[in-house]
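> Take a look and give me a structure for this.
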Amino acid sequence: MRSRLLAGSLALTAAAATTTGSVLAGEQPFAAGGWVFIFVSWGFSGLGWLLADRRPELRYGWLLLVTGLSFGLGALGAGLRTTDAPALVTSLLAAMYGPFYGLTLIFVPLLFPDGRLPPGRRWRVVAWISGVAIAIHSTGFVIDISQYRNPAGRSAALLVVSALSGLGQIVTWIMGFIVLAGLVSRWRRAKGERGQYALMVAGHCATLAGMVIAALSITGVLGTSMYGAAAMTGLLFVVGSLPGAIAVAIVRHRLLDIRVGIRGSRLHMVFDVRPTVDEVLSDLGTALEEAAEPVEQLGRLAAAVRSGLEVTWAAVALPDGTRVVAGRQDGPPALEVLVGGGPGRIECGPKIAGPLNRVDRRLLHSLAVPAGLAIQNAALVSRLVNAQEAERRRIERNIHDGVQQQLVALIAGLELARATGGADPGMLADLREQARQTLADLRELAAGIHPSSLSQGGLVDAVEERCSRLPVRTTVTTSPSLRTRRFADRVEGAMYFTVSESVANALKHAEAAHIDVRLAHHDGRLQATVSDDGKGFDPATVGRRGLATLADRLDALGGGLTVHSGTGKGTRVNAWVPVDG
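Sure, this is the predicted structure:
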């Protein structure tokens with residue numbers, strides 16, 4: 001809101017100053033040609049306001065506003081010279097012509113189209129030299145104008161300053177031609193923005209020509225006065241060529257994604273600007289919050305990319321092959337970017353109108369951050385669902401292969417005992433033993449799902465009970481205060497099964513002779529560390545040995561898991577989750 005208010009204030013100030021100064025300096029009665037000149041001179045401030053109002057993050061709109069304001073203040077100073085206004089005021093205002101000519105000759109074409117310097121150190125040097133030259137020229141401009149009103153005040157020192165001012169003006173002209181050469185080079189190398197650069201080259205050439213015509217007219221070389229037809233024509237080229245080139249680039253080439261079109265059944269000209277990066281990100285954040293399912297989130301993300309870049313189609317792909325497309329894909333991607341360090345990617349087709357440009361690429365890279373979070377969330381949910389399905393199948397297999405077979409055998413034995421009248425005491429004893437074993441297996445199976453010791457005694461008791469049954473020497477270290485602490489079921493369950501899987505890996509794969517388990521709670525974290533003195537492994541070539549699912553479980557709780565190991569150096573597993581208190 002503040003940027004829009006500032007942009008509007010600068011544009012109105014520039015327009016008012018230009019109009020007032022031109023009317024005061026013009027011939028009376030004010031001719032129609034003067035109004036044409038005023039209207040054309042509003043081009044810089046008008047286009048600057050349009051860009052700064054809709055795209056305040058782009059420097060180019062503010063550059064055009066400053067250029068228009070410099071001309072307006074200079075025109076006001078020139079007009080006030082015809083009045084009794086103080087000489088210092090008129091001199092300072094008229095001196096703003098210096099920055100206007102410098103910005104028009106150098107910085108407006110140099111920073112085209114987005115307000116950034118072209119790549120290369122030499123352009124920084126050009127910018128610095130130009131800035132110094134403009135400052136020197138403007139300072140001398142103030143002195144020259146003040147002396148113009150008081151010729152008797154001339155001195156040798158002031159003549160030196162005037163000479164330096166002339167030198168600054170010459171350097172400004174030289175820098176202007178250097179910028180033109182660079183602009184031509186950028187035009188020849190450009191691909192998607194070639195038409196825009198061609199218009200800027202034409203506008204810059206017309207501006208230079210206008211300055212030459214105006215200078216020759218004002219100095220009397222063309223035999224006309226300062227306000228003659230030739231001078232007015234030259235000034236029209238100066239104030240109107242670059243804004244005209246930018247306006248045509250907007251209409252024909254959608255410069256900075258600004259479009260001019262017709263809406264409704266009546267002839268109604270409108271400026272339609274593509275949403276800014278902030279607007280796209282804000283809308284995307286709201287859309288992702290409203291989408292409950294991961295696939296729906298990916299769909300909304302693809303739709304946001306398609307709408308924001310105005311492409312025919314956009315797609316979001318996951319590493320597991322999941323791919324959601326917005327629109328109808330009819331060819332290979334025209335632009336692709338990896339997100340989140342590579343867990344997924346965003347693809348998009350060609351633009352509906354015109355080629356993809358640097359602004360489109362910048363927008364797509366801006367969307368990569370929330371896209372990465374959405375893709376990671378979808379991938380995490382997918383892994384958790386797969387893990388839950390794998391666990392369900394494991395439990396089903398254990399029941400089918402173990403307890404179910406024992407129950408079938410037990411039922412068959414009971415039927416046989418009933419048929420024989422229970423005359424065989426040995427058979428009854430065997431059946432009783434089978435029932436006890438089945439009960440033990442059921443308890444063991446239930447412990448694999450959620451051990452009763454964890455529900456009753458807490459994390460420390462459950463870990464100690466688990467480690468007490470191991471065939472190798474195992475120590476469990478914890479603080480006394482942690483023994484009495486209880487945490488959320490999901491937290492205790494995640495930490496317990498992480499420790500269980502870690503000690504199981506140490507037994508199966510590490511050939512460890514000693515396992516050390518440490519439980520701690522500090523800095524708002526519940527931590528578990530499992531270390532062994534086994535043979536170790538290379539983490540770069542071996543997976544997490546069953547810990548991947550548990551790592552996803554910890555990630556879902558806001559925690560994490562790391563594995564440190566090396567051949568012959570043992571293994572250390574660190575797990576943590578955030579907890580209150």
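> burial measure for residue 467, as a count.
The tally of other residues near residue 467 (other Cβ atoms under 10 Å) stands at 20. Placement of C-beta: from N, CA and C, glycine included.
> Surely it touches residue 473?
No: using Cβ atoms under 8 Å, residue 467 is not in contact with residue 473, being 9.9 Å away.
> between those two, what contacts are shared?
Listed as contacting both residue 467 and residue 473 by Cβ atoms under 8 Å, 6 or more residues apart in numbering are residue 515.
> show me what contacts residue 10?
45, 48, 49, 52, 65, 66, 68, 69.
> where along the stretch 1-150 of the chain do the helices fall?
2-25, 32-41, 43-54, 59-80, 87-94, 97-102, 108-110, 121-149 (DSSP state H, counting those that start in this stretch).
> Quick one: closest of the ones you listed to residue 570.
Residue 570 lies closest, by Cβ to Cβ, to one member of the helices of the stretch 1-150 of the chain: helix 121-149, at 52.2 Å.
> what's residue 552 sitting at in phi/psi?
phi -60, psi -40 (degrees, to the nearest 10).
> Restricting to C-alpha, output stretch 317-325 in CSV.
Output in CSV follows, covering the C-alpha atoms of stretch 317-325 (Å, rounded to 0.1, in the frame of the first residue of the first chain):
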residue,chain,number,x,y,z
ALA,A,317,6.5,-35.0,-10.5
LEU,A,318,7.7,-37.1,-7.6
PRO,A,319,10.6,-39.4,-7.5
ASP,A,320,8.3,-42.4,-7.1
GLY,A,321,6.7,-41.7,-10.5
THR,A,322,3.7,-39.8,-9.2
ARG,A,323,3.0,-37.0,-11.7
VAL,A,324,0.1,-34.5,-11.7
VAL,A,325,-0.5,-32.4,-14.7
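> That stretch: which residues count as buried?
317, 318, 322, 324, 325 (16 or more other Cβ atoms under 10 Å).
> Check stretch 98-112 too.
Residues of stretch 98-112 classed as buried by neighbour count (16+ other Cβ under 10 Å): 98-112.
> number of nearby residues for residue 468?
Quick note: residue 468 (other Cβ under 10 Å) scores 9 neighbours.
> Might you report the residue contacts of it?
Residue 468 makes contacts with residue 474, as judged by Cβ under 8 Å, 6+ apart.
> nearest residue to residue 4 other than its sequence neighbours?
Leaving aside its chain neighbours, residue 4 sits nearest to residue 53 (5.1 Å; criterion: Cβ to Cβ, 6 or more residues apart in numbering).
> Ignore what I typed, I meant residue 179.
Of all residues not flanking residue 179 in the chain, residue 110 sits nearest, at 4.8 Å (Cβ to Cβ, 6+ apart).
> Next, the contact list for the one you found, please.
With the criterion set at Cβ under 8 Å, 6+ apart, residue 110 makes contact with 117, 118, 123, 126, 127, 179, 182, 183.
> what about the residue nearest to residue 4, neighbour count?
Using other Cβ under 10 Å, the number of residues around residue 53 comes to 19.
> cool, the one 10 residues further on as well?
Under the neighbour criterion other Cβ under 10 Å, residue 63 is assigned a count of 21.
> what does residue 473 give?
Around residue 473 there are 11 other residues, counting by other Cβ under 10 Å.
> my read: it touches residue 516, true?
No: counting by Cβ under 8 Å, residue 473 stays clear of residue 516, with 9.5 Å between them.
> Residue 355 is in what secondary structure piece?
Taking DSSP states H and E as the definition, residue 355 sits outside all helices and strands.
> cool, and residue 568?
Using DSSP H and E, no helix or strand contains residue 568.
> what's near enough to touch residue 333?
315, 347, 348, 349.
> Would you mind listing which of those are buried?
By 16+ other Cβ under 10 Å, these give 315, 347, 348, 349 as buried.
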